[in-house]
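Trainee: coordinates for the following, if possible.
(2 chains)
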Protein chains: 2
Amino acid sequence: MKIHYECLACAANQCQKIVEMGTDDLGLRKRGVIEAAKLMARINEDSVPAVFGSEVFLGVYRVIGNDDPFKEYKELSNKLAEKVVSDLEGEDIDLKTALKLAIIGNVIDFAVGYSPERIEEDVKAMLGEELYIDHSDELFERLGKAKTLLYLTDNCGEIYFDRLFIRKLKKAFPHLKIYVAGKEGPIINDATVEDLRKAGFGELAEIVSTGTRIVGVPLDRVSPEFREVFEKADVIIAKGQGNFETLSEVKDNRVFYLLKAKCRPVARELGVPQGSMVCLRG
Amino acid sequence: MKIHYECLACAANQCQKIVEMGTDDLGLRKRGVIEAAKLMARINEDSVPAVFGSEVFLGVYRVIGNDDPFKEYKELSNKLAEKVVSDLEGEDIDLKTALKLAIIGNVIDFAVGYSPERIEEDVKAMLGEELYIDHSDELFERLGKAKTLLYLTDNCGEIYFDRLFIRKLKKAFPHLKIYVAGKEGPIINDATVEDLRKAGFGELAEIVSTGTRIVGVPLDRVSPEFREVFEKADVIIAKGQGNFETLSEVKDNRVFYLLKAKCRPVARELGVPQGSMVCLRG
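Mentor: All right, here's what the predicted structure looks like:
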């Protein structure tokens, strides 16, 4: 997916959030956004939003001298999501519901002062919504025949919902070799390989790094090791907008996108109403 | 006033609004924001927000091929404000109240689907608020001794509240020679000399152009004619944030700023709570 006109203001707003989370020093915040402005000038018609944004954000991190401005936010997200998911795990959840929960996990902003009880109510309300595009039957059919699955994670917090879904996948498809990918290092609130390790994914799957801190899986930036896992996977589950933005140009029918179209550009690209949840074959 | 860290995202958000108002063509909107990104890279520690923003906006106007994206918005603002002010003119308003109304006129977004009745209610509620900084007694004292007043307008809509205030000033200080300044051409929703003519300012004062489309009065960009009027004025009333941003570095005690500190940077610069209304001697 290439940038839409809304992507510039969105990136600028994220930079503002980054400097606010990253430092209390107004002078540093100002130097951070000036650096952002210089880097944003590299934008062109073919820029991919996730890649363009990540490069700008990493430049801001360098200038403000904070390599992980979302650290506390991510820790809080993980803690709250873990609590919510452990409550959900007591319930009898089928595979399709677990898939929907994995999408729903992407939607919730765990760190905005929510109580776990309130999140659980919201999760249940969203479970009542239909997927706007639903290729999940085909996904499960393919998984029945597949040897390897590559699962591309997105955000902290959300990964606990992914863990629940992967547990169900392992039960349903015990023959599957599963790889779970995280980022090489901190970038906004994305899950790093370290976050995946802490969340216990090592017991369920082989954790792999994309080899880059760029959001999504930009195939010209990932490590050769990741590229190999990517090439040989029979099925790829790609969570969230960043993975969609970087992979959608490839037209790879091994990929199934699980996401909520949170912003107008992604909704426009998918041809769905903004806010729709989809399970879409690439 | 130099840029604060919030000014970049604000400019980017305004550019998005400009392309949305200026064209329905998604490709043109995208080219517009890409041009904005190139122009925003010129930002530096000493940039003045109003000047920086205007240059970016005018670049976007060129690329999208629309020299006045706010045209309809401004017409609607003028029409609604004229109606509201003509109702207010029937009431017995003193000079200080007229001054407050001129500030309040800057606050109201006339074009967001408001009814005139609703605006009048809001105006009356705001009249109940105190000015956070109030140098109006000194302003009126100075006007009593002054020969010439230069009145720097800000937005469309608001100018009808300015007209009411200027009528009261003329009554209170009949000896005053009044100049009213507007922009040379369209820039966001600022009042142009043409807007001032249409609003009948010609009967009350001498209308002058700043000689530029840049927001505020950037003294290195204004016309020699405007510069002359500016130099010889005994008192200057400067409405709104743009005039404050461009003049505040000059420390000219002939200037009285009438504004509401709408955004955090201006509030921080003035040392007042965001949202405060002030009449401040420069």
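
Trainee: ok, and does stretch A:31-43 reach over to chain B?
Mentor: Yes - applying C-beta under 8 Å from any C-beta of the partner chain, one finds stretch A:31-43 in contact with chain B at A:R31, A:G32, A:V33, A:I34, A:A36, A:A37, A:K38, A:M40, A:A41, A:I43. The way it works is simple: take the backbone N, C-alpha and C, and place the C-beta from them, glycine included.

Trainee: what sits against the one residue in the stretch 151-282 of chain A that gets nearest to chain B?
Mentor: Distances between the stretch 151-282 of chain A and chain B by C-beta to the nearest C-beta are smallest at A:R268, namely 8.2 Å. If a contact means C-beta atoms under 8 Å, 6 or more residues apart in numbering or on different chains, then A:R268 has A:H4 as its contacts.

Trainee: what residues sit buried inside the helix or strand hosting it?
Mentor: Using DSSP states H and E, A:R268 falls within helix A:264-270. Buried residues in helix A:264-270, counted by 16 or more other C-beta atoms under 10 Å in any protein chain shown: A:P265, A:V266, A:A267, A:E269, A:L270.

Trainee: also stretch A:117-134?
Mentor: Buried-residue list, stretch A:117-134, by 16+ other C-beta under 10 Å: A:I119, A:E120, A:V123, A:M126, A:L131, A:Y132, A:I133, A:D134.

Trainee: what does that stretch rub up against?
Mentor: By C-beta under 8 Å, 6+ apart, stretch A:117-134 touches A:80, A:84, A:87-88, A:97, A:100-101, A:103-104, A:107-108, A:110, A:270, A:272-273, A:276-280.

Trainee: domain parsing for chain A?
Mentor: A:7-64, A:71-281 (automatic domain parsing).

Trainee: now do the helices in the stretch 151-282 of chain A.
Mentor: Ranges of helices within the stretch 151-282 of chain A are A:158-172, A:193-198, A:224-232, A:240-247, A:264-270, based on DSSP state H, counting those that start in this stretch.

Trainee: where does the prediction get shaky in chain A?
Mentor: A:110-113 (pLDDT under 70).

Trainee: which residues of it lie near chain B?
Mentor: A:3-9, A:11-13, A:15-16, A:19, A:26, A:29-34, A:36-38, A:40-41, A:43-45.

Trainee: now the angle between helix B:7-22 and the helix or strand harbouring A:K17, please.
Mentor: Using DSSP H and E, A:K17 sits in helix A:7-22. Helix A:7-22 and helix B:7-22 are oriented at 160 degrees to each other (axes from the mean of the first three to the mean of the last three C-alpha atoms, to 10 degrees).

Trainee: surely A:T210 meets A:I187?
Mentor: No - counting by C-beta atoms under 8 Å, A:T210 sits too far from A:I187 to count as a contact (10.3 Å).

Trainee: coming back round to it: burial-wise, tell me which of the domains of chain A comes out on top.
Mentor: domain A:7-64 (a mean of 20; mean count of other C-beta atoms under 10 Å in any protein chain shown).

Trainee: now do that domain: distance from first to last residue.
Mentor: 23 Å (C-alpha to C-alpha, to the nearest Å).

Trainee: if we can go back for a sec, closest to B:L143 out of the buried residues of helix A:264-270?
Mentor: A:P265 (52.8 Å; C-beta to C-beta).

Trainee: can you tell me the centre-most residue of chain A?
Mentor: Nearest to the mean C-alpha position of chain A, by C-alpha atoms, centre = their mean, lies A:D154 at 1.7 Å.

Trainee: can you give me the distance of the closest residue to that one other than its chain neighbours to B:E20?
Mentor: Excluding its sequence neighbours, the residue lying closest to A:D154 (C-beta to C-beta, 6 or more residues apart in numbering or on different chains) is A:G240, at 3.2 Å. Distance, A:G240 to B:E20, using C-beta to C-beta, to the nearest Å: 26 Å.

Trainee: starting at the chain centroid, how far to stretch A:32-47?
Mentor: 23 Å (C-alpha atoms, centre = their mean, to the nearest Å).

Trainee: check stretch A:71-85 too.
Mentor: For stretch A:71-85, the distance to the chain centre is 15 Å (C-alpha atoms, centre = their mean).

Trainee: pull it out as CSV, backbone CA atoms only.
Mentor: Extracted in CSV, the C-alpha atoms of stretch A:71-85 (Å, rounded to 0.1, in the frame of the first residue of the first chain):
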residue,chain,number,x,y,z
LYS,A,71,8.3,1.7,26.9
GLU,A,72,5.9,2.3,29.8
TYR,A,73,2.9,2.4,27.5
LYS,A,74,3.9,-1.0,26.2
GLU,A,75,4.5,-2.5,29.7
LEU,A,76,1.1,-1.3,30.8
SER,A,77,-0.6,-2.7,27.7
ASN,A,78,1.0,-6.0,28.2
LYS,A,79,0.1,-6.2,31.8
LEU,A,80,-3.6,-5.3,31.2
ALA,A,81,-4.0,-7.5,28.2
GLU,A,82,-2.4,-10.5,30.0
LYS,A,83,-5.0,-10.1,32.8
VAL,A,84,-7.9,-9.8,30.3
VAL,A,85,-6.8,-12.8,28.3
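
Trainee: for chain A, which segments count as strands?
Mentor: A:133-134, A:148-152, A:177-182, A:206-209, A:235-239, A:255-260, A:277-281 (DSSP state E).

Trainee: okay, those in a markdown table with distance to A:E72 next?
Mentor: A markdown table is the format used below for these (distance: least, C-beta to C-beta, whole Å):
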| stretch | distance to A:E72 |
| --- | --- |
| strand A:133-134 | 35 |
| strand A:148-152 | 25 |
| strand A:177-182 | 19 |
| strand A:206-209 | 23 |
| strand A:235-239 | 23 |
| strand A:255-260 | 24 |
| strand A:277-281 | 28 |
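
Trainee: one step back: now render the helices of the stretch 151-282 of chain A as JSON lines, adding distance to B:S115.
Mentor: Shown next, in JSON lines, are the helices of the stretch 151-282 of chain A (distance: least, C-beta to C-beta, whole Å):
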{"stretch": "helix A:158-172", "distance to B:S115": "44"}
{"stretch": "helix A:193-198", "distance to B:S115": "52"}
{"stretch": "helix A:224-232", "distance to B:S115": "58"}
{"stretch": "helix A:240-247", "distance to B:S115": "39"}
{"stretch": "helix A:264-270", "distance to B:S115": "29"}
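
Trainee: for B:P69, which of these is the nearest?
Mentor: helix A:264-270 (19.3 Å).

Trainee: for that closest one, list the C-alpha coordinates in CSV.
Mentor: Taking C-alpha atoms only, helix A:264-270 is exported to CSV below (Å, rounded to 0.1, in the frame of the first residue of the first chain):
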residue,chain,number,x,y,z
ARG,A,264,-9.5,5.9,6.3
PRO,A,265,-6.5,5.1,4.0
VAL,A,266,-6.5,1.4,5.0
ALA,A,267,-10.3,1.2,4.8
ARG,A,268,-10.2,3.0,1.3
GLU,A,269,-7.4,0.6,0.1
LEU,A,270,-9.5,-2.4,1.2
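
Trainee: tell me the gap between that helix and the middle of its chain.
Mentor: 16 Å.

Trainee: before we move on, what about stretch A:252-266?
Mentor: 10 Å.

Trainee: for that stretch, how far is the first residue from the last?
Mentor: 18 Å.

Trainee: how about stretch A:206-216?
Mentor: 19 Å.

Trainee: hmm, back to that, distance to B:L258 for the domains of chain A - can I get that in JSON lines?
Mentor: Listed next are the domains of chain A as JSON lines, based on distance: least, C-beta to C-beta, whole Å:
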{"stretch": "domain A:7-64", "distance to B:L258": "27"}
{"stretch": "domain A:71-281", "distance to B:L258": "38"}
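
Trainee: identify whichever of those lies nearest to B:K71.
Mentor: Using C-beta to C-beta, the domains of chain A put domain A:7-64 closest to B:K71, at 22.1 Å.

Trainee: dump the residue contacts of A:I187.
Mentor: A:S54, A:F57, A:L58, A:R213, A:I214, A:V215.

Trainee: and the buried residues of stretch A:117-134, which of them are in helices?
Mentor: If you go by DSSP state H, the buried residues of stretch A:117-134 have A:I119, A:E120, A:V123, A:M126 in helices.
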